[in-house]
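J.: below: sequence and its predicted model.
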Amino acid sequence: MHNLNKSSHDVDHGIKHTKKGLSQEKKDFIDNQNLKDDHVDYDNKASNGTLNSLTPKWTEDQMDEREIAYNLYSSNRPIIRNHWAELQKKNGNTAIVCPFCGLTDAVEMDHFIPRGKEKLFPEYSTHYTNLIPLCHNCNLAKGDDWKENGHQIFFNAYFDRLDEIEILECKISRDISTGIAISEIRLKISGYENEVCQRVVNTITRLKLLPLYTTDSNKILRSKTIEFKTEYEQQNTRYAGKDDYIGAKRGVIRTMSSNVDDFIAKLTYSAIVESNEYWDYVKSQL
Ligand SMILES: [Zn+2]
């Protein structure tokens, strides 16, 4: 899970671009309904961490208004294409990695506060800060949920700051029957009392991300073990035995763990450095 830089375009810019290509009737609708005020209100609440206090603009007997606002969004409209381009520019000029899972490129635009089948919040259907890129699986799993027991459920990649929040840990153990070293990414038992941490935990749980992280971590573990085995077989004269080799490699992995950006690799390398069980396993493989 990671933050994304949001578009630097302001609400006025968003409203102006929402109107592009629309009929005069729809342009007038946007002005007459004061969508701009709703978008300003959204950003204020998002900045204060109180998006959960948003209430629908239109009542259930105003389905016509809801319908018009709902249809302001379409993934191939210029405003959405421009939004993607702006986000790419603001986030490294490469493909945007899904901020939820951190594993796959984002290919779809999620409405953080959903337009939804119920059309509850169509007033934010084209609002820049309500549009967050996600990968297909995360977008599908998120669905139209956003609030539970009055609390916002999901991590917001634009507004929830993740700095210095450590929620995951990697544990390496030996499989009881085979003796093979295996890793597991899991939630830390404590340390996430604040709201943002709760949202991250909820997001990880609801999207069932831990098994995906564990699969990735095990791939890293396996590939490192094979690498060590192969290298030791080829260069064993450089080292005064297995223990000497393992000591050297433990230092290498320690350096890697502080330099790598990929969060699964970082967790896995840190666990490798700490785990005597892992190095016992490597030794048995040399
Ligand atoms: Zn994802």
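T.: Looks like it came in fine. Keep in mind the model is a prediction, meaning the values are calculated, not measured.
J.: ok, and the closest non-adjacent residue to Tyr73?
T.: Ser125 (3.9 Å; CB to CB, 6 or more residues apart in numbering). Where C-beta positions appear, they are placed from N, C-alpha and C, glycine not excepted.
J.: again with Lys6
T.: Lys6's closest residue in space is Tyr158 (CB to CB, 6+ apart), at 4.1 Å.
J.: helix or strand: which one has that neighbour?
T.: Under DSSP states H and E, no helix or strand contains Tyr158.
J.: same check, this time on Ile272
T.: helix 263-274.
J.: list the buried residues in the helix or strand following that helix.
T.: Going down the chain from helix 263-274, the next helix or strand is helix 276-285, by DSSP H and E. For helix 276-285, the neighbour count (16 or more other CB atoms under 10 Å) marks 278-279, 281-282 as buried.
J.: closest one to the ion out of the residues you listed, please.
T.: Tyr278 (28.6 Å; CB to the ion).
J.: which residues of this structure lie near the ion?
T.: 98, 100-101, 135, 138 (CB under 5 Å from the ion).
J.: could I get those in TSV, plus columns for pLDDT and distance to Ile15?
T.: Shown next, in TSV, are those (pLDDT from 0 to 100; distance: CB to CB, whole Å):
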residue	pLDDT	distance to Ile15
Cys98	97	28
Phe100	95	28
Cys101	94	32
Cys135	97	29
Cys138	97	28
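J.: identify the farthest-apart pair in these.
T.: Spanning the widest gap among these are Phe100 and Cys135, at 7.4 Å by CB to CB.
J.: who has more neighbours, the two?
T.: Ranked by neighbour count (other CB atoms under 10 Å), Phe100 and Cys135 place Phe100 first, with 29 against 22.
J.: the more buried one sits in which helix or strand?
T.: Short version: Phe100 belongs to no helix or strand, going by DSSP H and E.
J.: ok, now which ones touch Ser47?
T.: Phe159 (CB atoms under 8 Å, 6 or more residues apart in numbering).
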